[in-house]
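Trainee: sequence and predicted structure below; questions after.
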Amino acid sequence: MDAATLLLFNAAILGALASPGPAFIAMIRSSFIGGRRAGFMTGLGLSLAAIAWSAVALLGLSAIFTAVPAAYTALKLAGAAYLIWLAIGLWRGADSPVDTALPGIAQGFRLGLITNLANPKLVFFIGSIFSTILPADLDWTTSALILTNHLALELAWYAMATMILTTAPMRAGYIRLKSKFDRGAAILLGAMAARIAI
């Protein structure tokens, strides 16, 4: 795999990371409420789940999902249900004061991991990147290097996001606008859940 292909792959992954979605909402809330350590752990969970989907895409699960649509439908509905559960929790807690004890480190990691694992569309997105950018005949060493590179990108992105989101002005802004932010995030998650389910 040449340098140009790797740069194109990295640009596609970074473009996906920069687009708003359930992962970024989880990252924002965890960083604002739980602080830097919780934000880092949420980013770690998100990153590991994304790499799991990348490994699955490399193994060809997207082809299995295409061949057995019922399996993909079941996974989609489970992911949509999880996002709806998150949205309801955000909406209900929108008017409550910020609880600085939550989420903790373990809870932040779990939030990140489950949020990205609950998004089966990632396997198709990543699979499409692999099929359009990367050569079809990847050996195990190259595949391992691609996964390592992808993990490094994810970790760097979420570490940078955590550092920015946990600055005093950003956190103060969240505390001031918490109810509006949480309700907006709940609506966005509900819309994403509907889109995933449909």
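Mentor: Yep, that arrived.
Trainee: Gly45: which element?
Mentor: Per DSSP states H and E: Gly45 is located in helix 22-59.
Trainee: for that helix, buried residues please.
Mentor: Across helix 22-59, burial judged by 16 or more other Cβ atoms under 10 Å covers 22-35, 38-58. In short, each C-beta sits where N, CA and C put it, glycine included.
Trainee: show me where this structure has helices.
Mentor: Here the chain has its helices, by DSSP state H, at 3-18, 22-59, 61-67, 69-92, 105-117, 121-133, 140-165, 168-176, 178-197.
Trainee: most tightly packed of those?
Mentor: Highest mean neighbour count of the helices of the chain: helix 22-59, a mean of 23 (counted as mean count of other Cβ atoms under 10 Å).
Trainee: elements contacting that helix?
Mentor: If contacts are counted by 3 or more Cβ pairs under 8 Å, 6 or more residues apart in numbering; DSSP states H and E, helix 22-59 sits against helix 69-92, helix 105-117, helix 121-133, helix 140-165, helix 168-176, helix 178-197.
Trainee: dump the fifth one to CSV, restricted to CA.
Mentor: So the one you mean is helix 168-176. Extracted as CSV, the C-alpha positions of helix 168-176 are listed here (Å, rounded to 0.1, in the frame of the first residue of the first chain):
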residue,chain,number,x,y,z
ALA,A,168,-13.1,26.1,31.4
PRO,A,169,-14.9,28.3,28.9
MET,A,170,-16.4,25.3,27.0
ARG,A,171,-17.6,23.6,30.3
ALA,A,172,-19.0,26.9,31.6
GLY,A,173,-20.9,27.3,28.3
TYR,A,174,-22.3,23.8,28.6
ILE,A,175,-23.4,24.4,32.2
ARG,A,176,-25.1,27.6,31.2
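Trainee: sorry, back to before: output the helices of the chain as CSV; include the columns mean pLDDT.
Mentor: As requested, the helices of the chain are exported to CSV (pLDDT from 0 to 100):
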stretch, mean pLDDT
helix 3-18, 81
helix 22-59, 88
helix 61-67, 66
helix 69-92, 77
helix 105-117, 87
helix 121-133, 69
helix 140-165, 91
helix 168-176, 81
helix 178-197, 76
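Trainee: quick one, what contacts the residue nearest in space to the middle of the chain?
Mentor: In the chain, the residue lying closest to the centroid (Cα atoms, centre = their mean) is Ala23, at 3.2 Å. Going by Cβ atoms under 8 Å, 6 or more residues apart in numbering, Ala23 touches 46, 50, 112, 115-116, 119.
Trainee: I'd like to know how far Thr167 sits from Gly35.
Mentor: Using Cβ to Cβ, to the nearest Å, we find Thr167 at a distance of 11 Å from Gly35.
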